[in-house]
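**Q** Below is the sequence, then the predicted model.
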Amino acid sequence: MANNLVEIRNLQKSFPLARQTLNPFGPKEQMLAVDNLSFTIKEGETYGLVGESGCGKSTTGRMIVGLEKPSSGSIIYQGKDLGKLNDREFFPLRKDLQMVFQNTLSALNPRQRIGSILEDILKVHGVSDAQERRDQVVEVLEKVGLSEYHYFRYPHELSGGQVQRLGIASSLVIKPKLIICDEPVSALDVSIQAQVLNTLMELQKDLRLSLLFISHDIGVIRYISDRIGVMYLGTLVEEAETDELFKNPLHPYTKGLFASVPDPYIRNEETPEFSGEQPVRTSDFKGCAFCNRCPQAMDKCKEETPEFLEISPGHKVACHLYGQ
Ligand code: SF4
């Protein structure tokens with residue numbers, strides 16, 4: 001069995017509510033973007049994190065790569081708690097933990113040629129020999145399905161799919177252990193999505209990379225993931241291996257998500273879709289997070305927060321309908 005690469009334990013990230021920032025003397029209410037979140041990413045696996053927009057998926061990814069500091073909880077990598085490291089201590093680990101964003105183009109300097117952009121990343125990480133940098137950049141361009149020709153091009157000369165390939169190349173060039181892919185294909189046409197996903201899957205296998213793949217798209221998550229965590233309002237409500245989750249979804253939110261997909265291989269006609277919107281999770285929150293939208297809610301769901309229990313090997317769910 002593969003070892004754990006990253007362990008996330010009881011992670012929490014809070015932000016001041018907008019009404020507090022407008023009135024700094026008002027009550028100190030916090031919005032919990034991520035709350036009591038625990039999961040592990042194993043070596044060489046693709047872990048899919050799925051849920052509606054605003055459920056805390058991207059904030060989780062940003063905390064793992066050090067773009068946000070956790071409010072509490074821990075992110076353990078190589079025996080160190082990443083959230084407690086200062087910038088100097090984090091720097092040597094940063095090359096292992098990379099991120100690909102949805103809109104790669106906006107993060108690139110439009111006046112810089114692609115070869116120079118990628119070489120700058122290598123310079124920051126101590127590759128001082130110019131020929132070695134050039135060789136590594138050409139090699140990584142070829143790995144992601146671009147070529148030496150693109151070394152001299154500018155980012156705006158690339159198509160949407162090629163830009164996302166460049167995003168993958170810029171995270172891959174320093175040989176990371178984990179790449180966090182935050183909605184990397186959601187802005188692309190379906191046929192281009194498939195090409196970029198296939199490239200990612202080949203690279204993951206060849207280089208034995210771990211991927212944390214974040215998406216609201218159930219079909220994409222199913223295609224690429226080995227295991228899936230379903231996230232709702234800042235925390236996991238269900239986790240299982242991909243085949244198991246699609247054969248036997250347990251949580252009413254997971255079932256509702258599948259019911260909302262116009263894909264006959266995923267959609268279960270018998271499951272009612274849920275309605276309404278995610279509420280804001282605040283520090284005085286209690287009960288089940290999904291209570292106000294759940295078609296099976298009971299009185300106890302308003303008062304008691306369900307535990308995240310293992311119902312069968314590797315299949316966990318947080319719902320009072322199971323394991324009591
Ligand atoms: Fe629905 Fe209750 Fe289960 Fe929450 S705990 S998902 S409200 S049945």
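**A** It's in.

**Q** what's the next secondary structure element after the lowest-mean-pLDDT helix or strand in the chain?
**A** Taking mean pLDDT, DSSP states H and E as the measure, the helices and strands of the chain show their lowest mean at helix 18-22, namely a mean of 60. With elements assigned by DSSP states H and E, the helix or strand that comes after helix 18-22 is strand 30-42.

**Q** And that next one, what does it pack against?
**A** The contact analysis (3 or more C-beta pairs under 8 Å, 6 or more residues apart in numbering; DSSP states H and E) places strand 30-42 against strand 4-16, helix 57-64, strand 210-215, strand 235-241. Every C-beta, even on glycine, is put in place using the N, C-alpha and C of the backbone.

**Q** now what about the helix or strand immediately after the third one in the chain, what contacts it?
**A** Right, the one you point to is strand 210-215. Heading C-terminal from strand 210-215, the first helix or strand you meet, by DSSP H and E, is helix 218-224. With contacts defined as C-beta atoms under 8 Å, 6 or more residues apart in numbering, helix 218-224 is touched by 46, 48, 50, 185-186, 193, 197, 200-201, 211, 213, 215, 228, 242, 246, 257-258, 261, 263, 266.

**Q** Stretch 178-195 too?
**A** If you take C-beta under 8 Å, 6+ apart as the criterion, stretch 178-195 is touched by 5-6, 41, 57-58, 61, 64-65, 96-103, 145, 159-161, 164, 167-168, 171-172, 196-197, 200, 209-217, 220.

**Q** how about it: buried residues?
**A** Of the residues in stretch 178-195, those buried under the neighbour-count criterion (16 or more other C-beta atoms under 10 Å) are L178, I179, I180, C181, D182, E183, P184, V185, L188, I192, Q193, Q195.

**Q** Can you say which of the contacts of stretch 178-195 are buried?
**A** Among those, those that count as buried by neighbour count (16+ other C-beta under 10 Å) are 5-6, 41, 57-58, 61, 64-65, 96-102, 145, 160-161, 164, 167-168, 171-172, 196-197, 200, 209-216, 220.

**Q** circling back to that earlier point, helices - which of the contacts of helix 218-224 land there?
**A** When DSSP state H is applied, those are split such that Q193, L197, L200, M201, T242, F246, L257, F258 fall in helices.

**Q** Pick out whichever of those sits closest to Q78.
**A** When these are compared for distance to Q78 (C-beta to C-beta), L200 wins out at 23.9 Å.

**Q** how close does that closest one sit to R165?
**A** Using C-beta to C-beta, to the nearest Å, one obtains 10 Å as the distance from L200 to R165.

**Q** can you check H156 too?
**A** Relative to R165, and taking C-beta to C-beta, H156 is found at 15 Å.

**Q** and what of G219?
**A** Distance from G219 to R165, counting by C-beta to C-beta: 21 Å.

**Q** quick one: which of the two has more around it?
**A** Neighbours of G219 and R165, each counted by other C-beta atoms under 10 Å, are more numerous for R165; the result is 27 against 15.

**Q** That one against S147, yeah?
**A** No: taking contact to mean C-beta atoms under 8 Å, the distance of 10.7 Å between R165 and S147 leaves them out of contact.

**Q** now, among the ones in helices among the contacts of helix 218-224, which is nearest to the ligand?
**A** The shortest separation between the ligand and any of the ones in helices among the contacts of helix 218-224 is 12.4 Å, and it belongs to L257 (by C-beta to the nearest ligand atom).

**Q** residues touching the closest one, list them.
**A** When the contact criterion is C-beta under 8 Å, 6+ apart, the partners of L257 are V50, G51, I218, V230.

**Q** now with 7 Å?
**A** Residues touching L257, when contacts are defined by C-beta atoms under 7 Å, 6 or more residues apart in numbering, comprise I218.

**Q** Okay, buried residues for stretch 123-135 please.
**A** For stretch 123-135, the neighbour count (16+ other C-beta under 10 Å) marks V127, R133, R134 as buried.

**Q** For the first one, give me the backbone phi and psi.
**A** Same thing as V127. According to degrees, to the nearest 10, the main-chain angles of V127 amount to phi -90, psi 100.

**Q** any idea which helix or strand carries the closest residue to it other than its chain neighbours?
**A** Distances taken as C-beta to C-beta, 6 or more residues apart in numbering place R133 nearest to V127, at 5.2 Å, with adjacent residues excluded. For R133, the element it lies in under DSSP H and E is helix 130-143.
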